[in-house]
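A.B. asks: need a structure here:
(chains A, B, C and D)
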There are 2 protein chains.
Amino acid sequence: MSDSPPSLDPVQLGAYFDLIEVTSLLRHAVEQQLRETGDLSYVQFQLLARLGDSPTGSHRMTDLADGVVYSRSGLTYQVDLLQKEGLVVRAPSPDDERSITVTLTDAGRALLAKVLPGHVEVVSRLLFEPLSRDDVKALAGLLAPVRDHMRSMPSRSAAPRRRKAGA
Amino acid sequence: MSDSPPSLDPVQLGAYFDLIEVTSLLRHAVEQQLRETGDLSYVQFQLLARLGDSPTGSHRMTDLADGVVYSRSGLTYQVDLLQKEGLVVRAPSPDDERSITVTLTDAGRALLAKVLPGHVEVVSRLLFEPLSRDDVKALAGLLAPVRDHMRSMPSRSAAPRRRKAGA
DNA sequence: GCCGCATTCTTCGAATTCGAAGCAGTAGAC
DNA sequence: GTCTACTGCTTCGAATTCGAAGAATGCGGC
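C.D. replies: Coordinates of the predicted model:
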């Protein structure tokens, strides 16, 4: 029940804090750039980018929400906005009537292309400037397993149907 | 004007995406834990933690806002909430009448102590479980320079009062 | 075929978030 | 001393965010 000390290494603590701080600062900077260049929020950009990466240019709502770590209702709201701007289109999925398939339009692709260079520029300048090529490789090698680990974790309420719901 | 290619290395891209994804997932998990254990949002926890770290248990509003990368008005709102809960106290700064000094109360310290173990547990399980001790050291060594670099950057509009505001 | 349960998406209300505007207090020029 | 610009904090309105509840579809056992 208590086989771990109630605190983290100083090194761990530093890594954790820096991780949060670096990401916050990066996000903040990127957000400004996206707002200025394409009037997009960070989530909206992430959604467009994910759709643009897909071979079909489409994804289901649920997969998008999980992908960018966002609430379902929040995603509905954001896709509404994107659709109003003509950047994406909603259509019922062919194989599952419950699902909605979101697809990038040409306008969406164009806007993505318009904001990408500036986005890349900010990320390069803020995140990658102080890192050598090997540093980046090391960072990627460190983060990928963590990502996989987190994605494979039960989402903190995955098995509540386990009788009793005890503890 | 275009001395950098309009795209990132695949390795850079992977590192960037994983960074965002890892932090989003971690934040999400931590948020749930804090909400359940102490009815705190992540920002609120960060604020209490920062105050708890300070030798005096206090900080100026502005420094807190900058520290956690938050808007000034947002910070006012959050400190209001914390004060209503009796977790912090506001007082005018002795040396500068404009500044407000926020100080952690005993109740705040107690709540911090109450949520910390669970917090540490989540971070350990999600972030550090797949990383060896050396991995963590490497990660910290990679992120610290990036943090310093970002903090030293002009905040994207830092020198607009410079005549002409030219590029 | 039919019932119960899970999954998908949306609507709704409440809470949070930000930027712009406003109100002191401070500091430097003169 | 006084004027002007700047800093630190709060108020305000608008936009976003989430979770809970609701409506519709799919899936399994029988």
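
A.B. asks: could you use CA atoms for every contact and neighbour count after this?
C.D. replies: Noted.

A.B. asks: what strand or helix carries the residue in chain A that DNA strand D sits nearest to?
C.D. replies: Closest contact between chain A and DNA strand D, by CA to the nearest atom of the strand, is at residue A:97 (3.6 Å). Secondary structure assignment for residue A:97, by DSSP states H and E: no helix or strand.

A.B. asks: any idea how far the most centrally placed residue in chain A is from residue A:83?
C.D. replies: For chain A, the residue nearest the mean C-alpha position is residue A:68 (3.3 Å; CA atoms, centre = their mean). Going from residue A:68 to residue A:83 by CA to CA, to the nearest Å gives 18 Å.

A.B. asks: show me which residues of chain A sit near DNA strand D.
C.D. replies: A:43, A:69-75, A:77-78, A:95-98 (CA under 7 Å from any atom of the strand).

A.B. asks: just the buried ones from the residues you listed, in PyMOL syntax?
C.D. replies: The buried residues among the residues of chain A next to DNA strand D can be selected in PyMOL (16 or more other CA atoms under 10 Å in any protein chain shown) with this line:
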select buried, chain A and resi 43+69+70+75+78
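
A.B. asks: of the residues of chain A next to DNA strand D, which belong to helices?
C.D. replies: Among those, the ones falling in helices (DSSP state H) are A:43, A:72, A:73, A:74, A:75, A:77, A:78.

A.B. asks: tell me the confidence at residue A:1?
C.D. replies: Residue A:1 carries a pLDDT value of 55.

A.B. asks: show me where chain A has helices.
C.D. replies: Ranges of helices within chain A are A:10-38, A:42-53, A:61-68, A:72-84, A:106-123, A:133-152, based on DSSP H.

A.B. asks: so who does the residue nearest to residue A:15 when sequence neighbours are not counted touch?
C.D. replies: Closest residue to residue A:15 apart from its sequence neighbours, by CA to CA, 6 or more residues apart in numbering or on different chains: residue B:140 at 4.4 Å. Going by CA atoms under 8 Å, 6 or more residues apart in numbering or on different chains, residue B:140 touches A:11, A:12, A:14, A:15, A:18.

A.B. asks: now swap in residue A:46 and tell me
C.D. replies: Contact analysis of residue A:46 by CA under 8 Å, 6+ apart lists residue A:68.
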